[in-house]
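next comes the sequence, and after it the predicted model I'd like to discuss.
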Amino acid sequence: MTSTAQPPKSGARTAHPDHLGHVIFIAAAAAMGGFLFGYDSSVINGAVEAIRGRYDIGSAALAQVIAIALIGCAIGAATAGRIADRIGRIRCMQISAVLFTVSAVGSALPFALWDLAFWRIVGGFAIGMASVIGPAYIAEVAPPAYRGRLGSFQQAAIVIGIAISQLVNWGLLNAAGGDQRGKLMGLEAWQVMLGVMVIPAVLYGLLSFAIPESPRFLISVGKHERAREILKEVEGDKVNLDARVAEIEHAMSSEHKSTFKDLLGGSFFFKPIVWVGIGLSVFQQFVGINVAFYYSSTLWQSVGVDPTDSFFYSFTTSIINIVGTVIAMIFVDRIGRKPLALIGSVGMVIGLGLEAWAFSFDLVDGKLPAAQGWTALIAAHVFVLFFALSWGVVVWVFLGEMFPNRIRAAALGVAASAQWIANWAITASFPSLADWNLSATYVIYTVFAALSIPFVLKYVKETKGKALEEMG
């Protein structure tokens, strides 16, 4: 039951900070977690074949080492919120930075395969924490008038992290003479690739000491004076600070803490709207997008592309990913979430279908025929572009908006967990599926992209322009 006593108006909705550059710095520093999320997720792309050769393992075992990080991701994402509520958002970021750093060092200096897998899990836990804490912190610190734009920093940081990891991998491979196991600084090239992440991880940790704690957390632990100082810093001195603190306290006291039980109902265990969220998450992963970021170098090498060129193509794919993400940010509020998702699905069907066709041809002298090779390369970029400008961004927007207030937090948690599980399924299965039949593997991804069209048309409702209170 919500209290009828409303706090006085603070003027926060139209507030503009006195120093917008400082607020942008705070959001960018928090988004470094997103950068590390993207970097750590895709840097393994440069080490896949070297790990296979170093430890003499088959595709199934290799896939588990690559995918095992996602177990850490799921645990980190599930526990980050509670950790942040207990010790604060900044401390949570610092823990994440330490875990990223330790994981980078451990991954660069493994003495056995199980050891490498362990450090992958540690890095995954840090990714999971960063995926939750970054957006939550930015939303709590950003002035309401700038929240959408500053919130987009997280997704932008993720795709930039992916691109930079591929650029670094390409540069290190060139330095090692095109050999992933070539010597660099006394180590094999792939070890240096994984170890370089120490640099942004340490930077993330240092930046966390330069930004303030979330006012919302400070108020929750009774530190009202410090909360007022930070609110003045980020929202400007024209805001009625006492009223602003009262607003936050009122909002926190009237919040319903959703639980798993709130999601139950309907004829298939969960409420229908929860199944729609799970469906969006699963389709986002089952089109095979993470194959493009975890295995693209291996994929191109398997059809005869030179290793150095394969790393370069992985980098260009990452640039296309950034371009698509920017397009989505521009149009998601203009043409709506649902039309963008449908446009993306059609584009992905075309791109994936062309890849499946190209990979169906036999290799000639270890390479795809020229026409099919170029078709596969262009189609891969088309696929990533259409994913990035639609499902890459739109699914997260939908999940943040589509659920009724009463179940939003719990439903979002279930949908996000489904996404990590689906991600793991695709990541763990690709090497074995590719060994079996690469073309058929891409046919499977094409089918899921095609099925996403009727799913969106029938079950997904447009959320553009609606208040969160209207969802039900």
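Okay, I see it.

what residues are up against the closest residue to residue 178 other than its chain neighbours?
Nearest non-adjacent residue to residue 178, counting by CB to CB, 6 or more residues apart in numbering: residue 308, 4.6 Å away. All C-beta atoms are positioned from the backbone trio N, CA, C, and that covers glycine. Going by CB atoms under 8 Å, 6 or more residues apart in numbering, residue 308 touches 170, 173-174, 178.

what about residue 308, is that helix, strand or coil?
Recorded secondary structure, residue 308: helix (DSSP: H, G, I helix; E, B strand; the rest coil).

closest one to residue 330 out of the contacts of residue 308, please.
Using CB to CB, residue 170 comes nearest to residue 330 of the contacts of residue 308, at 28.6 Å.

near the closest one, how many other residues are there?
22 (other CB atoms under 10 Å).

do residue 246 as well
Around residue 246 there are 17 residues (other CB under 10 Å).

among the contacts of residue 308, give me the pair with the biggest separation.
Going by CB to CB, the pair spanning the contacts of residue 308 furthest: 170 and 178, at 10.4 Å.

I'd like the distance between the residue nearest to residue 178 and residue 180.
According to CB to CB, to the nearest Å, residue 308 stands 10 Å off from residue 180.

okay, and the common contacts of those two?
residue 173.

so where's this structure uncertain?
In the predicted model, the chain carries pLDDT under 70 at residues 1-18, 148, 254-260, 266-267, 405, 409, 465-472.

and if we set it to 50?
1-4, 468-469 (pLDDT under 50).

state which helix of it is the longest.
Longest helix of the chain, by residue count under DSSP state H: helix 408-459.

next one: that one to chain centre, how far?
In terms of CA atoms, centre = their mean, to the nearest Å, the centre of helix 408-459 is found 15 Å from the chain centre.

repeat for stretch 396-405
Worked out by CA atoms, centre = their mean, stretch 396-405 lies 17 Å from the chain centre.

what lies in contact with the strand or helix carrying residue 207?
Assessed by DSSP states H and E, residue 207 sits inside helix 198-208. The contact list for helix 198-208 (CB under 8 Å, 6+ apart) reads 29, 32-33, 35-36, 39, 90, 93-94, 96-98, 100-101, 104-105, 161.

which of those fall in helices?
29, 32-33, 35-36, 39, 90, 93-94, 96-98, 100-101, 104-105, 161.

this protein: strands as residue ranges?
Applying DSSP state E to the chain gives strands spanning 183-184, 187-188, 264-268, 270.

mean neighbour count and distance to residue 226 added to those, as TSV?
TSV is the format used below for the strands of the chain (neighbours: other CB atoms under 10 Å; distance: least, CB to CB, whole Å):
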stretch	mean neighbour count	distance to residue 226
strand 183-184	15	47
strand 187-188	18	45
strand 264-268	11	40
strand 270	18	41
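
phi, psi for residue 212 please.
phi -80, psi 160 (degrees, to the nearest 10).

looking at it, it is touching residue 141, isn't it?
Yes: look at residue 212 against residue 141 with CB atoms under 8 Å: they come within range, at 7.4 Å.

what touches both of the two?
Joint contacts of residue 212 and residue 141 (CB under 8 Å, 6+ apart) are 26, 230, 234.

any idea how far residue 166 lies from residue 379?
19 Å.

next one: residue 345
Taken as CB to CB, the span from residue 345 to residue 379 is 15 Å.

same thing with residue 129?
Taking CB to CB, one finds residue 129 at 35 Å from residue 379.

higher neighbour count, these two?
When residue 129 and residue 379 are compared for neighbours, residue 129 comes out ahead with 29 against 21, by other CB under 10 Å.

the residue nearest to residue 276 when sequence neighbours are not counted: neighbour count?
Computed as CB to CB, 6+ apart, the closest residue to residue 276 that is not its neighbour in sequence is residue 459, at 5.1 Å. For residue 459, the number of neighbouring residues by other CB under 10 Å comes to 13.
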